[in-house]
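Q: Output the structure for:
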Amino acid sequence: MKYKLNTELFIKLEKYIDNEFICESEFDFFSESLKSYEIYEQFQSSKEHKKVDIDKDKKFKKDSSKSRIKQKIKKENIDDQSFLRMSAEREVSRSLDDLINERQETFSQSVLKFIDAKGVLDSDIYKKVFIDRRLFSKIRSDSDYKPSKNTAIALAVALELKLDECLDLIGKAGFTLSFSSKFDLIIRYFIENKIYNILEINAALDAFGQGVLSI
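A: Numbering: from 1, shown residues only. Below you'll find the model as predicted:
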């Protein structure tokens, strides 16, 4: 079944990717800068009082990389709370007990928990994103099942998860959605905007030369 991406959505995605995409060298530095509030303060201080020595930093070859990181932090208007939220890529409102319990759950257990919480059938989930019934049976029968990244994302889409829930779920399988990947940014866009049509997502991925969310 083929789905044609409309021009308006293509333009929105193009703008989103352009605004959010960070090349790998920039992303490494940005991620490291988000590790703790202390590092963040040092980074803020360095912006005001000294120039980063690019030659001594192997991650950077041009001043433009440093500038883009600064611009992104400024554009996002990061305060203390949002900084901590971004570093963990989950809402700060979650309790410590919730996070501990979530980390103890496996990927399969989390999927089944979401299915029960939403009151849907297994078939509602695997049919929605064209996952084979036999594959889904493995997920239900094997608590230690390790999915591919595409399968993990497809299930997050089928479950219509919010972004933080999606990141938690695929994180249990060892994956994330990177700002240095167009594929991942496209997935982020659809989840952030609560668009869970797998055909539309595949059309967008294909339009940007990222393949499709095949299982």
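Q: Residue ranges in this protein under the pLDDT threshold?
A: Counting by pLDDT under 70, the chain contains low-confidence ranges at 1-2, 24-103, 214-215.
Q: Tell me if I'm right that I195 and A204 touch.
A: No: contact criterion C-beta atoms under 8 Å: I195 and A204 do not qualify, at 9.2 Å. Any C-beta I mention is one placed from the backbone N, CA and C, and that applies to glycine too.
Q: Who has more neighbours out of these two?
A: A204 (24 against 14; other C-beta atoms under 10 Å).
Q: so what's that one up against?
A: Contact analysis of A204 by C-beta atoms under 8 Å, 6 or more residues apart in numbering lists 5, 9-10, 13, 186, 189-190.
Q: in the chain, which spans are helices?
A: Using DSSP state H, the helices of the chain run over residues 7-20, 24-33, 37-49, 63-76, 80-88, 96-104, 107-118, 122-128, 133-141, 149-158, 163-171, 182-192, 198-207.
Q: So Y126 versus L213, what's the distance?
A: Per C-beta to C-beta, to the nearest Å, Y126 is found 14 Å from L213.
Q: And I17, by the same measure?
A: 16 Å.
Q: between those two, which one's more packed in?
A: Using other C-beta under 10 Å as the criterion, I17 and L213 rank with L213 on top: 24 against 16.
Q: ok, the contacts of A204 vs A156, which is closest?
A: Lowest distance from A156 to those (C-beta to C-beta) belongs to F190, with 10.4 Å.
Q: Chain neighbours aside, what residue packs nearest to that closest one?
A: Leaving aside its sequence neighbours, F190 sits nearest to I201 (C-beta to C-beta, 6 or more residues apart in numbering; 5.2 Å).
Q: quick one: that neighbour and N193 touch, right?
A: No: here I201 does not reach N193: they are 11.0 Å apart, not a contact under C-beta under 8 Å.
Q: Run through the residues that contact L13.
A: 186, 189, 204, 207-208.
Q: cool, A152 as well?
A: A152 makes contacts with 107, 169-170, 173, 175, as judged by C-beta under 8 Å, 6+ apart.
Q: Distance of the residue nearest to F190 relative to V157?
A: 7 Å.
Q: Next, show the common contact partners of those two.
A: Common contacts of I201 and V157, defined by C-beta under 8 Å, 6+ apart, comprise 190, 213.
Q: just to revisit the earlier point, columns distance to V120 on top of the contacts of L13, output as CSV?
A: Shown next, in CSV, are these (distance: C-beta to C-beta, whole Å):
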residue, distance to V120
I186, 25
Y189, 24
A204, 25
A207, 30
F208, 30
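Q: Nearest to S141, out of those residues: which one, please.
A: Using C-beta to C-beta, the shortest approach to S141 within the contacts of L13 belongs to I186, at 31.9 Å.
Q: list the contacts for that closest one?
A: By C-beta under 8 Å, 6+ apart, the contact list for I186 reads 13, 17, 201, 204-205, 208, 210.
Q: from those residues, which is closest to L135?
A: If you rank the contacts of I186 by distance to L135 using C-beta to C-beta, I201 comes first, at 18.9 Å.
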